[in-house]
Each structure stands twice: as C-alpha cells, then as structure tokens.
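Trainee: sequence plus the predicted model coming up.
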Amino acid sequence: MKKPRFPPPTGESYQEVVAKVGAHVFFVEPTIKGEYLHWDKLLYRTPPKGLSHNDWWVAIRFCRHALSSPIPMRDKAGKQFEYVLVDPIPEQMHQIDLGAGGRIQMPEQITDPETKDRYYVGSLIEEAITSSQLEGATTTRRVAKDMLRSGRPPRDRSEQMILNNYRTMRKIGEVKDDPLTKDLVLELHKLVTEDTLDDPSAAGRLRRPDERIIVGDDYGEVFHDPPDAAQLERRMSDMCDFANGRTPHGFVHPAIRSIILHFWLSYDHPFLDGNGRTARALFYWSMLHHGYWLFEFISISHIIRKAPTQYGLAFLYTETDENDLTYFILYHLDVIRRAIDELHAYLKRKAAELKSIERSLRGIHVLNHRQRDLITHALRHPGGQYTIHSHQVSHNVVYETARTDLLDLQQRGLLHARKIGRTWYFTPREDLEKRLAEMG
C-alpha cells in the first residue's frame, strides 16, 4: 500500500478563499460527481475552468469544513476530528435503521427462534476467522471451523487467534447492554490476545511509555505514529465517554458513533498488538448496544478482507486530510451495506438449497414417506425433538412401526438418539443437510 500524498495547506480565512478562487467558492460542493475525493485522487480530475488544482482543493476544503460536525476526539497535536454528512451517508444510515434495527422483511431463518442460533454461531465463526486472517492468521477456513465446532484445543498461534476472536464475539453478546469502560476494553483485548503475544503480560493492559510502536510496512514506510503512551489513560476515558453518548452535546447517529469508535481505538493504538481486532470488536459492541440486533449475524471482516488496501487507505485519507473522518465513515458504511447484502444473499441461497433437498427427499426410496416427512420437518426445525410416541401419533401407526422408523434414521446417521429415563429422544444431526445430499 502506498501512502497518499498530503494535500496542500488550506488555512486561509473566508476572505482569502474568496479572493483566491473568486465566485467559484459559491458553486463548489463537498463532492465531485457524487464522490468524496481525497487530494490524492482529485489530482487526476480536471478542475473547473479558471482554477488550478490547488485553488479547487482550497474551495472544496473550505466547503467541507463549513458543513462539518466536530467530535471530541483529537490528534496528537490537539486538533479535533470532524465529519461531513454528505450523500449517500444519510440514506445509508436510514437503511441501517430499517434493515438492522427493525424487523421489516427480515429473513425467517434469523427471526425464528428454532433456527436463529445456527446462523448466529455461523456468523460468529465467520467473523472470528476473517478478523484473524486480516491480522495474519493462516489457518484454512475448513480447519478453523472444525476446531471451533468440535471444541478441540488450538494447535498453533493462528488457531489460537481465531478461538480468541470467537470467544470475544460471544462475550460481546453478553455485555452489549453494559456501558463501555476502560476495564471492559481491557477485558476484550485480553480475550483477543490470550496466548498469542510474544510478551504475555501485554494482554489486557495499555502499552507503557517505553513500548513505542509505529504502524508501517516492511520497507520502512511509516503509515501511522500513534499517540504517546502517556496520553492513553485520558484518551481511553474520552473514548468511553463518546461511546456511551456523553459527548458531544449534539446528536451523533449511533451507526456513525460506532464507526468512529472503530477508528478511535485504531488511531490510539493503545496496545502492543491486537488493536485492529479489538477495534472491530468495539464496533460490534456499539452496534449491538444501540439495538442493531442484525449485527449478531453480520461479518464486516469478511468484506474488509476482500480488499484490505481500501481499509488501510480509509484510515490514511482521514489522517492525511486534516482529520476528516468522512472518508472512513463512507468506507465503513459501504462495508456494512455489502455485509448486509451478503447476509440476505446467503440466507436466500440456503433457503433455495433447503427446498432442493426437500424435493430430492422424495426420490430417496430407502426412506419411507413417514421418514421423509420427519426429515423435512427437521430441516426446518434443527432444534426439533422427536419421540417414538410423537412419531406414532403424527402418522397414526403402531408403536413398533414408529420405533423402527426412528431407529433406522438414527442408524443412517440422520438423527442423534439419547435415552432419558425410559424415553428415547431423537434430534437432527448438525450436518443433516450434508448427509442428505450424500444420500441423494
């Protein structure tokens, strides 16, 4: 990744801007054909007639600053961060309100209590894997999923990172109603980094003054030099006040607040390692804290990992352009939109697969019609529980026929069987769909 060029300074007063760019200042907008461009990209666009690129930039920057909303976050030099509510930010926030906080047209799979847990666990696993892969974990998805579902101990650092992320995401679900405190941030960081650090004592604590770190590449390019460790206690307190809605005095949309929280911890880089994973965890905490329940089922890291350079540039555009958070907000909102779209596409695909399996069941002649009906029900109700008596009543057959049906399904590996007292209970296998596909 190449660091973007710093824009030219724009410290002029209103009178100086008008004198420099004339009447153009009254017609310049914060976006260029709908795009919120950084100086690094503006250089490749043709400026309005009579303006140089520098003059054009001065007018754009002046317009953006006039429309901006400051937040209490400051850089190392004490300058505030700000953002501009340009299109399409308001529309995207409205869509998040409708699609992630309400229940309008929500897929049945994640509103039905009998099926939602399957998708909840699946999304936790997806986020745990991809968030770890963003930070260098190399374990394959199949191996990672097998580890998490089977409960076996991790074999290496990559698997430990994934297990930690999974546990952290589960923890966020437990504490989503709690206010954000320094202790909670440290607890989440400890969960994220347990048994993965060169210095185990660094898990769950802020970096010390003698532990200076920078963010750069292997060729010596410095992308970010975080605030001094002596500032971290105060900055952590300010960040928690912001996360809990104590600051600023004006309204900040909850999704914007959550996105800025993600940026804030990443910018401060308060830990020796695990800052990115902790920042994304805080984003999830904030969205769930504000009632966006759909984020239990969404993986943003899955989207980020497809184009990690864009993730890095969103940070750099903000930091190199006078602390303008609009770049990061626009990027993050696009990630959210794509993640929600992918969730709906995935659920639609799974529903189609389920219908296909149900159709194919009719052609599996080794199962009788009663068994096919039960398996069809089990596909739609993975938490279902069946007994010989319930099967007997449902199909109006004698006890021995019902018993034979269920034991045959258990022997074919489609149902689990366990005895409690004098009653046998039969439940669907977790990989029922896969086993049926192999039978077909």
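Mentor: The structure has been received and is ready for your questions. Residues are numbered from 1 along each chain as shown.
Trainee: centre of the chain versus the helix or strand in which residue 394 is found, how much separation?
Mentor: Using DSSP states H and E, residue 394 maps to helix 388-395. Offset of helix 388-395 from its chain centre (Cα atoms, centre = their mean, to the nearest Å): 44 Å.
Trainee: now the next helix-or-strand element following that helix: buried residues?
Mentor: Next helix or strand after helix 388-395 toward the C-terminus (DSSP H and E): helix 399-411. Using 16 or more other Cβ atoms under 10 Å as the test for burial, helix 399-411 gives 401-403, 405-406, 409-410. In short, each C-beta sits where N, CA and C put it, glycine included.
Trainee: between those residues, which is nearest residue 271?
Mentor: residue 410 (49.6 Å; Cβ to Cβ).
Trainee: pLDDT at the nearest residue to the closest one once chain neighbours are set aside, what is it?
Mentor: In space, and not counting its chain neighbours, residue 410 is closest to residue 417: 4.4 Å by Cβ to Cβ, 6 or more residues apart in numbering. If you check residue 417, the pLDDT there is 94.
Trainee: can you tell me the SS state at residue 417?
Mentor: strand (DSSP: H, G, I helix; E, B strand; the rest coil).
Trainee: can you verify my assumption that residue 156 contacts residue 139?
Mentor: Yes - in this structure residue 156 lies within contact range of residue 139 using Cβ atoms under 8 Å: 7.4 Å.
Trainee: picking that back up, which one of the buried residues of helix 399-411 sits closest to residue 187?
Mentor: Checking the buried residues of helix 399-411 one by one against residue 187 (Cβ to Cβ), the nearest turns out to be residue 410, at 43.0 Å.
Trainee: residue contacts, the spatially most central residue of the chain?
Mentor: Geometric centre of the chain, nearest residue: residue 300, 3.0 Å, by Cα atoms, centre = their mean. By Cβ atoms under 8 Å, 6 or more residues apart in numbering, residue 300 lies in contact with 127, 280, 283, 332, 335-336, 339.
Trainee: and which of those is nearest residue 274?
Mentor: residue 280 (10.5 Å).
Trainee: between residue 156 and residue 139, which has more neighbouring residues?
Mentor: Neighbour count, other Cβ atoms under 10 Å: between residue 156 and residue 139, residue 139 has more, with 21 against 11.
Trainee: so that one is in which element?
Mentor: Per DSSP H and E, there is no helix or strand for residue 139.
Trainee: if we can go back for a sec, next one: the residue nearest to the centre of the chain from residue 268, what distance?
Mentor: 20 Å (Cβ to Cβ, to the nearest Å).
Trainee: tell me which element residue 283 is part of?
Mentor: Residue 283 belongs to helix 275-289, assigned by DSSP H and E.
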